[in-house]
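S.K.: below are the sequence and a predicted model for it; my questions follow.
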Amino acid sequence: MYADLYSAVISGIRAEIVRVEIDISNGLPGFSIVGLAGKTVRESAKRVRSAVVNSGFHWPMKKITVNLAPGDVQKYGSHFDLAIAVCLLICSKQINIKNKSKYLFAGELTLNGDINRVKGILPMLLEAKNKGIKKAVIPLENAAECNLVQNTEITFLQNLKEIDNLNNIKGSKTKIKNNTLRLNRNKIPDINSIRGQKTAKKAVMIAAAGRHNLLLVGPPGCGKTMLAHSIVKLLPLLNKEELIEVASIYSIKDKLRDLDINNRYRPFVAPHHSITSAGLIGGGKIPVPGEISLAHKGVLFLDELPEFKNKVLSNLREPLENKKIKIVRQQASFIFPADFQLITAMNPCPCGYAGLDDNRCSCSERDIARYQKKLSGALKDRIDLQIELLPLKSDDIFKKNTEQQYNYLKKIEQAVLAQKDRYKDLNISYNSQLSIENIEKFCPLDSDAENILKQAVENLQLSMRGYIRLLRVARTTADLNKNKNIKSNDLLEAVNLRWYAEKSEMLL
Amino acid sequence: MALHNKIGRLGEDIAVQYLIKNNFKIIERNYKNKFGEIDIIALENNVIRFIEVKTRSSNYKSSLEEILHYNQIKRLKNSALYFISNYHDNQSFSFDLILIKINIENKKITFFKYLKDIIYEELI
């Protein structure tokens, strides 16, 4: 007796369709799985048997052989349980499913037949859709992410017992409310609620508008972390394709609770500085995406930048340029997307008060130099905006939001639109992606501005790359000020926001 | 015959009676080949059942379920496979265990248990 069904396996950030075949024959009663099955798949033998028996079905006392095709792809994950159990029930003629080859099955069984949540449902459903598998049976706990996939008839199961009803369900259960997923999202601060720090707020706005990388340097307690986090509400929302792309990665990592699907906010990933290389860029024997891929289309925030291990940080160089990371293993290479915006924060010295007027800093020059040297030039060079924050004056602390609520969002939206319009012929959409060939074409300067630029290049001893970065930032400030050409004001603002990189007093 | 052999023989008789009452067809008793011995071979619903009978006197204190030794299971399996391959190829079959306790003084069965499907291989 033979039966087969479809399931899928995750490979990289995509899924591959796997055919689950079962043959029941006479012979020594037993159960065997073939087809390059990993440990979690092999363990499913025990779960499936208990689940089948405890759901009131009968376990055939015969020789059962399970094959997972194609045989040369490594299979791993506990989600094969459901497909194996259902296939076995079909094979032993206990249930009958019409059009069974139109279904994708995925779900982990418990010993009493309940169906548990599994990783990577979203990419599996997308791949199934591509391959013409239009129906799916998945755990109820995974319902939230399924709303992103359209035109697939999805049935949610809680227990293996319900499989009997499968023929009677006609896609009515596809509409499940989104709120089955409880988010564990921190409250995002509003930029208008942050007191003082006018320049820094402007820098955050520019970073949000042009997707520039940003370095915030300042003493402890001046609001670096809050400013960085507040960028989430300023960034343009994820569009549909981006949302599916990002949610797929979160689905594979089983981190969908951290992604706000309903509000479509961009992801904000803030790993602790104890992170390892594999944790940051992805890795493992079967490579899984790291934090930079979780920050895809969003923000990677590295607080206390010099505390990160140098080796770990230097991994960021390639992804910052290529917007993806390739992880090579002996059996295959995996490409994980990593189109993130880097926002970092640091103190100027170990004690945190270097460069302030009040001589509070207790660090020796050598300490400061060593602290700042931890940041490699290569990484620093890739950060467009580098600004320093000063501690709040007492007036600022007691001023209770008398400042009018500045409408950052509207300005940013309009600047983003201007950029999209300008670069519609290229495959970029933000000023920070401008390459050296295009920069002079898209950044025309007024005559005043040109003079200032010449002076700036001379006085600040800008390198070629520094010059390009200055122009990119100036382009964004011009967009924010609705200027077609870059005017002197825009350029001066841009110079001001690179001050830390070139001439800060906090620097040695 | 020593007492324990008598008890064993008695137990097998009791088991056979039970099986016949429950519509089993007895194929062989005390089947022997080079791999070992099988107490009862019976046929039920087109499934061949290899049955091992374990009998003890009711003085026996520890649990009977733990009595079957690993090597004995291996012997049972191998001789059954030999039987199948020689006489009943392509038949579905299964291994069962019958546990009996007998009170010798008043000749009463104090414990009877029929365990089905005791051998199941998970070849992974």
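M.R.: Cool, the structure landed.

S.K.: residue of the stretch 301-450 of chain A nearest chain B, please.
M.R.: Proximity of the stretch 301-450 of chain A to chain B (CB to the nearest CB) peaks at A:Gln331, 21.3 Å away. For every residue, glycine as well, the C-beta is placed using N, CA and C.

S.K.: what's the local residue count around that residue?
M.R.: Neighbour count for A:Gln331, taken as other CB atoms under 10 Å in any protein chain shown: 10.

S.K.: excluding chain neighbours, what is closest to it?
M.R.: Leaving aside its sequence neighbours, A:Gln331 sits nearest to A:Gln74 (CB to CB, 6 or more residues apart in numbering or on different chains; 7.0 Å).

S.K.: which residues sit in contact with the one you found?
M.R.: Counting by CB atoms under 8 Å, 6 or more residues apart in numbering or on different chains, A:Gln74 makes contact with A:Val9, A:Ser11, A:Leu36, A:Gly38, A:Ile286, A:Gln331.

S.K.: reformat the residues you listed into CSV and put pLDDT and distance to B:Asn33 next to each item.
M.R.: What follows is the contacts of A:Gln74, written out as CSV (pLDDT from 0 to 100; distance: CB to CB, whole Å):
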residue, pLDDT, distance to B:Asn33
A:Val9, 95, 45
A:Ser11, 89, 50
A:Leu36, 90, 38
A:Gly38, 89, 40
A:Ile286, 85, 48
A:Gln331, 78, 47
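
S.K.: which SS state does the closest residue in space to A:Thr40 that isn't next to it in sequence fall under?
M.R.: Closest residue to A:Thr40 apart from its sequence neighbours, by CB to CB, 6+ apart: A:Ser78 at 5.0 Å. When classified by DSSP: H, G, I helix; E, B strand; the rest coil, A:Ser78 comes out as coil.

S.K.: just checking, A:Ser78 touches A:Glu108?
M.R.: Yes: contact criterion CB atoms under 8 Å: A:Ser78 and A:Glu108 qualify, at 4.0 Å.

S.K.: list residues touching both of the two?
M.R.: With CB under 8 Å, 6+ apart as the test, A:Ser78 and A:Glu108 both reach A:Arg47, A:Asn116, A:Val118.

S.K.: in contact with the residue of the stretch 201-350 of chain A found nearest chain B, which residues?
M.R.: Residue of the stretch 201-350 of chain A nearest chain B, by CB to the nearest CB: A:Ile286 (19.0 Å). Neighbour list for A:Ile286: A:Gly38, A:Gln74, A:Tyr76 [criterion: CB under 8 Å, 6+ apart].

S.K.: what strand or helix carries it?
M.R.: Assessed by DSSP states H and E, A:Ile286 sits outside every helix and strand.

S.K.: got the phi/psi numbers for the residue nearest to A:Gln331?
M.R.: phi -70, psi 120 (degrees, to the nearest 10).

S.K.: gap between it and chain B?
M.R.: Applying CB to the nearest CB, to the nearest Å, the value for A:Gln74 to chain B is 16 Å.

S.K.: surely B:Met1 meets B:Arg9?
M.R.: Yes: with contacts counted by CB under 8 Å, B:Met1 reaches B:Arg9, the gap being 7.3 Å.

S.K.: comparing these two, which residue is more hemmed in?
M.R.: Higher neighbour count among B:Met1 and B:Arg9: B:Arg9, with 14 against 8, using other CB under 10 Å.

S.K.: hey, where'd the helices end up in the stretch 351-500 of chain A?
M.R.: A:365-373, A:377-381, A:394-398, A:408-422, A:439-442, A:447-459, A:464-480, A:488-497, A:499-503 (DSSP state H, counting those that start in this stretch).

S.K.: so which bits of the third one are buried?
M.R.: Translated: helix A:394-398. When burial is assessed from 16 or more other CB atoms under 10 Å in any protein chain shown, helix A:394-398 yields no buried residues.

S.K.: show me which residues of chain A sit near chain B.
M.R.: Contact residues (CB under 8 Å from any CB of the partner chain) of chain A with chain B: A:26-33, A:37, A:42, A:45-46, A:61-62.

S.K.: just put the residues you listed in JSON lines and tack on distance to A:Glu388, pLDDT and secondary structure.
M.R.: Below are these laid out as JSON lines (distance: CB to CB, whole Å; pLDDT from 0 to 100; DSSP: H, G, I helix; E, B strand; the rest coil):
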{"residue": "A:Asn26", "distance to A:Glu388": "79", "pLDDT": "87", "secondary structure": "coil"}
{"residue": "A:Gly27", "distance to A:Glu388": "76", "pLDDT": "84", "secondary structure": "coil"}
{"residue": "A:Leu28", "distance to A:Glu388": "75", "pLDDT": "86", "secondary structure": "coil"}
{"residue": "A:Pro29", "distance to A:Glu388": "74", "pLDDT": "88", "secondary structure": "coil"}
{"residue": "A:Gly30", "distance to A:Glu388": "70", "pLDDT": "90", "secondary structure": "strand"}
{"residue": "A:Phe31", "distance to A:Glu388": "66", "pLDDT": "92", "secondary structure": "strand"}
{"residue": "A:Ser32", "distance to A:Glu388": "66", "pLDDT": "92", "secondary structure": "strand"}
{"residue": "A:Ile33", "distance to A:Glu388": "60", "pLDDT": "93", "secondary structure": "strand"}
{"residue": "A:Ala37", "distance to A:Glu388": "56", "pLDDT": "90", "secondary structure": "strand"}
{"residue": "A:Arg42", "distance to A:Glu388": "57", "pLDDT": "90", "secondary structure": "helix"}
{"residue": "A:Ala45", "distance to A:Glu388": "61", "pLDDT": "90", "secondary structure": "helix"}
{"residue": "A:Lys46", "distance to A:Glu388": "60", "pLDDT": "90", "secondary structure": "helix"}
{"residue": "A:Met61", "distance to A:Glu388": "75", "pLDDT": "88", "secondary structure": "coil"}
{"residue": "A:Lys62", "distance to A:Glu388": "75", "pLDDT": "89", "secondary structure": "coil"}
